[in-house]
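> Structure, please.
(one chain, ligands or ions: 1)
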Amino acid sequence: MPTIYRSRHDLLRNCWFRFSWCGFNTVRYLLCGLAIVVSAQNVWIENLAPYTPTPQTVVEKMLDLAELKPGEKMFDLGSGDGRIVISAARNYHAVAVGVEFDETLVRRSASEIARLALTERARIIQGDLMKQDYSSADVVTVYLLPIGNIKLIPILEKQLRKGARIVSHNAEFPGWTPAKTVNVEDDGQGKSHRLYLYKR
Ligand SMILES: C[S@@+](CC[C@H](N)C(=O)[O-])C[C@H]1O[C@@H](n2cnc3c(N)ncnc32)[C@H](O)[C@@H]1O
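Take a look at the predicted model:
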């Protein structure tokens with residue numbers, strides 16, 4: 001049945017009410033959309049390298065190259081199964097922290113750390129390596145795609161203190177001059193590797 005309005009004023013008031021209700025709903029939907037986009041941005045983590053573990057022989061060479069000392073603090077950015085963190089804590093008596101976003105790898109490395117009774121010196125942060133604080137680091141190790149290193153440059157330049165050492169496996173930091181470069185001709189499986197040492 002059509003609505004009958006008693007006056008023009010009634011008609012206008014009704015139109016305004018309907019219009020406001022539509023507007024209110026539109027704003028509500030827009031705000032919902034915005035909230036979804038913002039929270040998605042907060043949980044979205046860019047994958048800066050696929051999981052490819054560093055062979056154990058090369059792990060030792062990386063930590064030797066960094067001259068990691070007992071009690072020093074080291075971070076492995078994108079720690080995979082935690083092998084660099086575990087070696088740093090177990091063999092070099094460093095305070096070692098890994099950052100890894102893959103839940104399965106975090107669980108695997110954390111349980112290995114617990115099995116080896118290294119929890120006082122080694123731990124893994126589950127999260128984005130681009131969003132951590134590295135200002136306490138003496139040594140940072142990375143094995144990322146070249147684009148990962150490029151994205152890390154402003155973070156490391158801002159956060160790392162003078163004297164901190166960075167060892168990168170296979171990828172350079174463009175624009176930085178390495179203090180030393182080491183070639184590992186054979187990792188035991190016939191593959192060669194190149195390591196870069198940088199000093200802040
Ligand atoms: C090439 S693997 C190196 C693993 C370990 N560092 C090693 O050398 O054996 C790179 C690791 O970085 C992790 N990774 C990639 N992007 C990441 C991010 N934005 N935040 C945290 N971890 C990330 C991957 O899941 C992967 O385990």
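> rest of the way, CA atoms for contacts and neighbours
Noted.
> interface residues of the protein facing the ligand?
By the rule Cα under 6 Å from any ligand atom, the part of the chain lying against the ligand is 45-54, 76, 78-80, 83, 99-102, 127-130, 143-144.
> Mind doing that once more with 8 Å?
45-55, 59, 76-84, 99-102, 105, 126-130, 141-145, 148, 169 (Cα under 8 Å from any ligand atom).
> Just the residues you listed: which are in strands?
76-77, 99-100, 126, 141-142, 169 (DSSP state E).
> Would you mind checking which helix or strand in this protein has the lowest mean pLDDT?
helix 8-43 (a mean of 57; mean pLDDT, DSSP states H and E).
> Residue ranges in this protein under the pLDDT threshold?
Within the chain, the stretches with pLDDT under 70 are 1-9, 11-42.
> domain ranges for it?
Domain ranges of the chain: 1-44, 56-199, per automatic domain parsing.
> hey, which of those domains is tucked in deepest?
domain 56-199 (a mean of 18; mean count of other Cα atoms under 10 Å).
> roughly how far out does it sit from the chain middle?
12 Å (Cα atoms, centre = their mean, to the nearest Å).
> Can you tell me the centre-most residue of this structure?
The centre of the chain sits closest to Leu129, judged by Cα atoms, centre = their mean, with a distance of 1.6 Å.
> which residues does it contact?
77-78, 99-101 (Cα atoms under 8 Å, 6 or more residues apart in numbering).
> export the ones in strands among the residues of the chain next to the ligand to CSV and tack on distance to Thr119?
Putting these into CSV (distance: Cα to Cα, whole Å) gives the following:
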residue, distance to Thr119
Asp76, 16
Leu77, 18
Val99, 15
Glu100, 17
Gln126, 15
Thr141, 20
Val142, 22
His169, 26
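> Kindly indicate which of those lies nearest the ligand.
Closest to the ligand out of those is Glu100 (3.8 Å), distances taken as Cα to the nearest ligand atom.
> tell me which element Ile150 falls in.
helix 146-159 (DSSP states H and E).
> now what about that helix, what contacts it?
With Cα under 8 Å, 6+ apart as the criterion, helix 146-159 contacts 48-49, 130, 133-135, 171-174.
> Okay, Val97 and the ligand: tell me how far apart.
Computed as Cα to the nearest ligand atom, to the nearest Å, the Val97 to the ligand distance reads 11 Å.
> In which helix or strand does that residue reside?
strand 95-100.
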